[in-house]
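S.K.: model this:
(one chain, ligands or ions: 3)
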Amino acid sequence: PDGKNPAHYSIVAQEGTTEFYQGVQTETYGYNGSFLGPVIRIQSGQTVQFTTTNEMSKETTFHWHGLEIPGEGDGGPHEQIEPGQSKKLTFPIRQQAATLWFHPHPEGQTAEQVYKGLAGLIYVEDENSQRLGLPQQYGVNDIPLIFQDRQFDDQQQLNYQQFKNNDGTIGDTLLINGTLNPKLHVRREPVRLRLVNGSNARNFTFMLSTNEEFQQIATDGGFLNSPVPLNKLTLTPGERAEIIIDFSKLSTSIDLSLINEEGVVLLPFTITNERTTPQKMQDVFNQFSTTSEEQQLPVSKRLELFGMGTMVTINGKQFDRTRIDFVQQQGVTEIWEIYNKPDMMGGMTHPFHLHGTQFKIVSINGQAPPLNEQGWKDTVSIEPDETVKLAVKFQDKGIYMFHCHLLEHEDNGMMGQVKVE
Ligand code: C2O
Ligand code: CU
Ligand code: CU
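M.R.: Ligands and ions are numbered 1, 2, ... in the order given. Modelled structure (predicted):
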């Protein structure tokens, strides 16, 4: 497809049922299906057209988390689609290869709709991503993993209102790609996992059960400059990371699995003895830099995150769709300084997310960010009493949200709007 013939995708929000437990139908939502949604693969440089349709009995919006898109197509609370209605969007893809996702964003209703299953993935590919020698056989050695914790009631239903918590609804049951108790079969070769924290509120920490190293190759919005070796990685809600686990090099432990910090198994691996001859991976992935110019820029926007439960605020205010909180010029880099102000109880970690662009983390408490956060980001975890500086530039115009990605905080008004002109 080229500019004249955009690649077309049809995305339909639906209500349905899903069999998580044998013989039991759980009421769920999904895109083009009953739970979660498709992986939409788009090529940088291409023009795409999305037809979004709401077949549900309640309003929704279609938000493209991480996509650089004009404000009108971004799918924030202003762009509500009524039941039975459709909307068409056409826009060019100019950003680099990355693993993005999409989910609803209706005012005050985001948490419940995501909880019940509305979320899908967008892969942006480009020449670079084809050239790097990365594993790219979908579902074989290039695997999307959406992590979500959920609570099922006595009837095995996702009864959001029963379990709702204003500081983040968490559950005792892990779903990966909507599956209970999944396993992953891999061959003895490097395997690329695209990790997505799609939970409402839970942080996920990933480790190998043998505590061996893996490599992080990408952040929310693109590749790191080169693979960063880690033996532990934490993602807050909304964040993504791509990692490579080289199963040809790991010890052949029979119980090799992805575990969390407490040692709980998240995903067991079964390793087949089949060997492959993987492509040689390049060592240089990207040319990401925080220039000294950006480091020298004065702070021009200050945000203070504060509160808990229904009392969450940004700069002392709660979301008001008729109020523009900030104005920024298109194409101009500004430094946003975000401070998470503790309260008497100590405060909470807030995953701060900005729509419509990818930003750079300039500093965290005055220090350079860790190597694996020196890449394009759209969501950053901010701990109590922490100050994070971001270099923010918008390629497009329009109104964009910024908010806490703990979805109940977002619904409770921990959100504001920046107008790019
Ligand atoms: Cu992932 Cu405003 O959203
Ligand atoms: Cu978003
Ligand atoms: Cu929050």
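
S.K.: what about stretch 89-106, how long is it end to end?
M.R.: 18 Å (CA to CA, to the nearest Å).

S.K.: again, but for stretch 270-284
M.R.: End-to-end distance for stretch 270-284: 30 Å, by CA to CA.

S.K.: what mean pLDDT does it have?
M.R.: Across stretch 270-284, pLDDT averages out at 90.

S.K.: for stretch 410-421, same thing?
M.R.: pLDDT averaged over stretch 410-421 gives 98.

S.K.: just want the residue of the protein that's nearest ligand 1.
M.R.: Residue nearest to ligand 1 within the chain: residue 65 (3.6 Å; CB to the nearest ligand atom). Glycine gets a C-beta too; all of them are placed from N, C-alpha and C.

S.K.: count the neighbours of the closest residue to that residue other than its chain neighbours for me.
M.R.: Spatial nearest neighbour of residue 65, excluding adjacent residues (CB to CB, 6 or more residues apart in numbering): residue 101 at 5.1 Å. By other CB atoms under 10 Å, the residues close to residue 101 number 26.

S.K.: look up phi and psi at the residue of the chain closest to ligand 1.
M.R.: Residue 65 adopts backbone torsions of phi -80, psi 110, taken as degrees, to the nearest 10.

S.K.: per-residue pLDDT, residue 266?
M.R.: According to the prediction, residue 266 has pLDDT 97.

S.K.: quick check, it in contact with residue 258.
M.R.: Yes - assessed by CB atoms under 8 Å, residue 266 is found in contact with residue 258 at 4.8 Å.

S.K.: residues contacting the residue of the chain closest to ligand 1?
M.R.: Neighbouring residues of residue 65 by CB atoms under 8 Å, 6 or more residues apart in numbering: 100, 101, 102, 103, 238, 353, 355, 378.

S.K.: kindly report the same for residue 415.
M.R.: 314, 319, 401, 402, 403, 404.

S.K.: that one pairs with what?
M.R.: Residue 415 forms beta bridges with residue 403, as assigned by DSSP bridges.

S.K.: once you drop chain neighbours, what's closest to whatever residue of the stretch 201-350 of the chain ends up closest to ligand 3?
M.R.: Nearest to ligand 3 in the stretch 201-350 of the chain, going by CB to the ion, is residue 350, at a distance of 3.5 Å. Distance criterion CB to CB, 6+ apart; nearest residue to residue 350, sequence neighbours excluded, is residue 404 at 4.4 Å.

S.K.: pretty sure the one you found is in contact with residue 308, am I right?
M.R.: No - Residue 404 lies out of contact with residue 308 (CB under 8 Å); the separation is 11.1 Å.

S.K.: closest point of this structure to ligand 2, which residue?
M.R.: residue 65 (3.6 Å).

S.K.: would you list every one of the strands in the stretch 301-421 of the chain?
M.R.: In the stretch 301-421 of the chain, the strands defined using DSSP state E, counting those that start in this stretch lie at 313-314, 326-328, 334-340, 350-354, 360-364, 379-382, 387-392, 398-404, 415-420.

S.K.: for the stretch 51-200 of the chain, same thing?
M.R.: Under DSSP E, counting those that start in this stretch, the stretch 51-200 of the chain gives strands at 63-65, 86-92, 98-103, 120-125, 142-150, 173-176, 179-180, 184-188, 190-197.

S.K.: quick check: residues of the stretch 151-300 of the chain near ligand 1?
M.R.: residue 238 (CB under 6 Å from any ligand atom).

S.K.: try the stretch 301-421 of the chain
M.R.: Counting by CB under 6 Å from any ligand atom, the residues of the stretch 301-421 of the chain close to ligand 1 are 353, 355, 401, 403, 405.

S.K.: try 8 Å
M.R.: Contact residues, the stretch 301-421 of the chain versus ligand 1 (CB under 8 Å from any ligand atom): 353, 355, 379, 401, 403, 405, 410, 415.

S.K.: wait, isn't the third one in contact with residue 238?
M.R.: What it means is residue 379. Yes - under the criterion of CB under 8 Å, residue 379 makes contact with residue 238 at 4.1 Å.

S.K.: of these two, give the one with the bigger neighbour count.
M.R.: A direct count of neighbours by other CB under 10 Å for residue 379 and residue 238 places residue 238 higher, at 27 against 23.

S.K.: residues touching the more buried one, list them.
M.R.: By CB under 8 Å, 6+ apart, the residues touching residue 238 are 65, 197, 351, 353, 378, 379, 405.

S.K.: from residue 33, how far off is it?
M.R.: Going from residue 238 to residue 33 by CB to CB, to the nearest Å gives 22 Å.

S.K.: same thing with residue 80?
M.R.: With CB to CB as the criterion, residue 80 and residue 33 are 22 Å apart.

S.K.: how about the helices in the stretch 201-350 of the chain?
M.R.: Per DSSP state H, counting those that start in this stretch, the stretch 201-350 of the chain carries helices over the ranges 292-296.

S.K.: start and end of stretch 70-82, how far apart?
M.R.: 21 Å.

S.K.: need the nearest residue in space to residue 360, chain neighbours excluded.
M.R.: Per CB to CB, 6+ apart, closest to residue 360 is residue 391, 4.4 Å.

S.K.: neighbours of that neighbour, how many?
M.R.: Taking other CB under 10 Å as the criterion, the count of residues near residue 391 is 19.

S.K.: now swap in the one 4 residues further on and tell me
M.R.: Applying other CB under 10 Å, we find 15 other residues in the vicinity of residue 395.

S.K.: ok, back up a step: show the contacting residues for the residue of the stretch 201-350 of the chain closest to ligand 3.
M.R.: Residue 350 neighbours (CB under 8 Å, 6+ apart): 305, 340, 381, 382, 404, 406, 409, 414.

S.K.: alright, that wraps it up for me.
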